[in-house]
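Undergrad: starting from these lines, generate the structure:
(one chain, ligands or ions: 1)
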Amino acid sequence: MNNMSYQDAAFRPIVGIDLGTTNSAIAYIRNGKPEIIASPKGERIIPSVVLIDLKGRVVVGQDAKDSLVAMPDRTIAAVKRRMGSDDPVEIAGQALLPQEISALILKELKSYADRLFGDVEKEAVITVPAYFTDEQRRATKQAGELAGFIVERIINEPTAAALAFGLDHLNEDRYYLVYDLGGGAFDVSVVEMCSGLLEVKASTGNRMLGGEDFDWKLVDWFAERMIERHGVDPRGDIRAKALLKEEAEKTKILLSDQDSVNVMLPLVTVTGNKPIGLDIEINRGQFVGLIEDMLGETIDSIHAVIKEAGLSFSDIDEVLLVGGSTRIPRVRERIAGLFGKPPRNDVHPDEAVALGAAVQAGLKSGALSDSGLVATDVAPFSMGIAVMKDWKGMGERPGGFAAVIPKNTTIPVTRNQTFYTAFPGQTAVSIEIYQGEHEWVKHNHRLGEFTGWSKP
Ligand code: AMP
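TA: Prediction:
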């Protein structure tokens with residue numbers, strides 16, 4: 001395809017983006033199928049790592065990842081975990097907001113689309129974990145806008161994965177369980193496909209559980225071995241910590257293919273002018289022992305989400321595994337054991353989310369309107385307001401939570417509900433809005449507040 005055909009038309013291309021904790025990718029619809037847009041070097045996914053080098057240049061991707069050890073104070077990885085926070089991130093002596101750093105990753109991906117489509121305005125569908133709060137979604141949208149995209153939509157990662165799979169299975173009416181274990185977050189959703197309508201029934205997860213945590217478990221294991229042998233904890237040395245983290249990820253990935261790995265690092269840190277290294281063997285069983293509790297949490301979430309969807313295990317027709325961490329054999333083993341059948345292996349764990357975002361983009365642009373595919377999503381948290389509520393039979397107190405839109409309601413949605421003022425003759429009310437599941441708002445997530453006045 002040549003670039004001119006795009007530039008001639010008065011047409012605004014739309015792309016789908018997986019802005020991942022560990023890796024990111026961009027895709028579009030070509031001839032009715034989603035396709036990854038590769039980098040000029042041919043990479044289909046790039047590490048979500050940003051480096052500001054000694055000359056002040058911004059470098060994103062593999063080269064930035066390679067600098068994590070050499071220039072830890074100039075490199076940022078896993079910034080997605082900080083999205084939605086107002087705390088700036090220190091990089092190369094500058095303080096940037098998480099969305100500003102994410103924007104640099106999106107800008108890099110945008111440059112791949114610019115090569116393909118030319119320098120025209122572009123729309124984007126960007127994915128987020130189903131479990132992202134409203135603030136995290138807004139921060140993601142802002143990152144997209146800072147990168148120069150018109151952000152058409154923010155969609156949930158498991159929905160995107162199901163869309164990518166669903167496009168090829170339009171005529172099969174079935175329930176899918178999408179298990180998405182990536183670098184930074186875990187999401188699990190039950191999705192129903194019925195006559196081309198893809199409907200998310202329930203979603204749950206943990207935004208602080210993923211391959212990054214497995215790496216840190218290994219870092220701790222390495223550090224404990226070094227303490228045993230040398231009495232030195234390398235984690236106090238920022239460079240040593242970065243080096244061990246890098247080695248931990250490599251070891252973890254090797255253990256997906258091999259039964260054991262020899263870890264050999266001649267120089268991890270220096271103490272009293274003496275170099276201290278690490279030379280140790282770890283086997284798959286030992287690694288599994290480190291992550292088994294975390295995998296157990298994901299299994300608990302599977303039970304919860306199936307229950308929330310009002311289904312039982314036997315109703316689930318297919319299990320789709322998404323996210324790089326589902327390459328760990330123990331993950332597949334536990335899922336297969338749980339469902340009594342192996343998960344699908346024709347879903348590309350690293351690309352499914354970006355491809356699905358492109359499918360959503362294609363549904364919006366009309367490129368896929370003949371497919372008959374329609375997707376709906378659900379609210380991951382209950383949304384409601386603060387009200388007066390009885391406390392242990394001792395009378396009413398402020399700070400109770402009244403859910404107006406319950407968790408797992410299909411969105412978009414509008415709900416009306418009548419509430420009354422707390423006191424007779426009250427002419428103004430302050431309405432505080434929260435997301436969450438606790439009956440008291442202080443345990444939920446505050447979204448904002450507005451004041452309502454009675455008409456004179
Ligand atoms: P994602 O966020 O989906 O890109 O997933 C990235 C995570 O998957 C990172 O924590 C990677 O270390 C991890 N990962 C990638 N490949 C493998 C593998 N073969 N075995 C175990 N973990 C992997």
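Undergrad: any idea which residue sits dead centre in the chain?
TA: P129 (3.9 Å; Cα atoms, centre = their mean).
Undergrad: wait, doesn't that residue sit right on I155?
TA: No: counting by Cβ atoms under 8 Å, P129 does not reach I155; the two are 10.9 Å apart. All C-beta atoms are positioned from the backbone trio N, CA, C, and that covers glycine.
Undergrad: checking my notes, V413 in a strand, right?
TA: No: secondary structure of V413 (DSSP: H, G, I helix; E, B strand; the rest coil): coil, not part of a strand.
Undergrad: contacting residues for the residue nearest to it when sequence neighbours are not counted?
TA: Closest residue to V413 apart from its sequence neighbours, by Cβ to Cβ, 6 or more residues apart in numbering: I405 at 5.9 Å. Residues in contact with I405 (Cβ atoms under 8 Å, 6 or more residues apart in numbering) are A379, S382, M383, G384, V413, R415.
Undergrad: need the max-distance pair from those residues.
TA: Farthest-apart pair in those is G384 and V413; separation 12.9 Å (Cβ to Cβ).
Undergrad: next one: the residue nearest to V413 from the ligand, what distance?
TA: Distance, I405 to the ligand, using Cβ to the nearest ligand atom, to the nearest Å: 29 Å.
Undergrad: who does that residue bridge with?
TA: As for beta bridges, I405 partners with M383 under DSSP bridges.
Undergrad: ok and the residue in the stretch 151-300 of the chain nearest the ligand?
TA: Per Cβ to the nearest ligand atom, G211 is where the stretch 151-300 of the chain lies closest to the ligand, at 2.1 Å.
Undergrad: the stretch 251-400 of the chain too?
TA: As assessed by Cβ to the nearest ligand atom, the ligand sits closest to G324 within the stretch 251-400 of the chain, at 2.3 Å.
Undergrad: which residues of the protein fall in helices?
TA: For the chain, the helices defined by DSSP state H cover 3-8, 62-66, 98-117, 134-146, 157-166, 211-230, 238-254, 284-308, 329-339, 352-365.
Undergrad: now the second one: how far from the chain's centre is it?
TA: In this case it means helix 62-66. Centroid separation between helix 62-66 and its chain, computed with Cα atoms, centre = their mean, to the nearest Å, is 21 Å.
Undergrad: for the residue lying closest to R446 once chain neighbours are set aside, what are its contacts?
TA: Excluding the flanking residues, the one nearest R446 by Cβ to Cβ, 6+ apart is Y434, at 5.5 Å. Counting by Cβ under 8 Å, 6+ apart, Y434 touches M383, G384, I385, A386, F401, V441, N444, H445, R446, L447.
Undergrad: mind naming the longest strand for the protein?
TA: strand 260-271 (DSSP state E).
Undergrad: now the angle from that strand to helix 211-230?
TA: Going by axes from the mean of the first three to the mean of the last three Cα atoms, to 10 degrees, strand 260-271 is angled at 60 degrees with respect to helix 211-230.
Undergrad: residues of strand 260-271 that come out buried?
TA: Neighbour-count burial for strand 260-271, with 16 or more other Cβ atoms under 10 Å as criterion, is recorded at V261, V263, L265, V268, T269.
Undergrad: and the two most separated of those?
TA: V261 and T269 (21.0 Å).
Undergrad: and the stretch 301-450 of the chain, which residues reach the ligand?
TA: Residues of the stretch 301-450 of the chain that fall close to the ligand, judged by Cβ under 6 Å from any ligand atom: G323, G324, S325, R327, I328, D350.
Undergrad: now do 5 Å
TA: Residues of the stretch 301-450 of the chain lying near the ligand by Cβ under 5 Å from any ligand atom: G323, G324, S325, R327, I328.
Undergrad: correct me, but the second one touches T21?
TA: No: between G324 and T21 there is no contact, the gap being 10.0 Å when judged by Cβ under 8 Å.
Undergrad: between those two, what contacts are shared?
TA: Counting by Cβ under 8 Å, 6+ apart, the shared contacts of G324 and T21 are G182, G183.
Undergrad: what about those two, which has more around it?
TA: Between G324 and T21, counted using other Cβ atoms under 10 Å, T21 has the larger neighbour count: 23 against 20.
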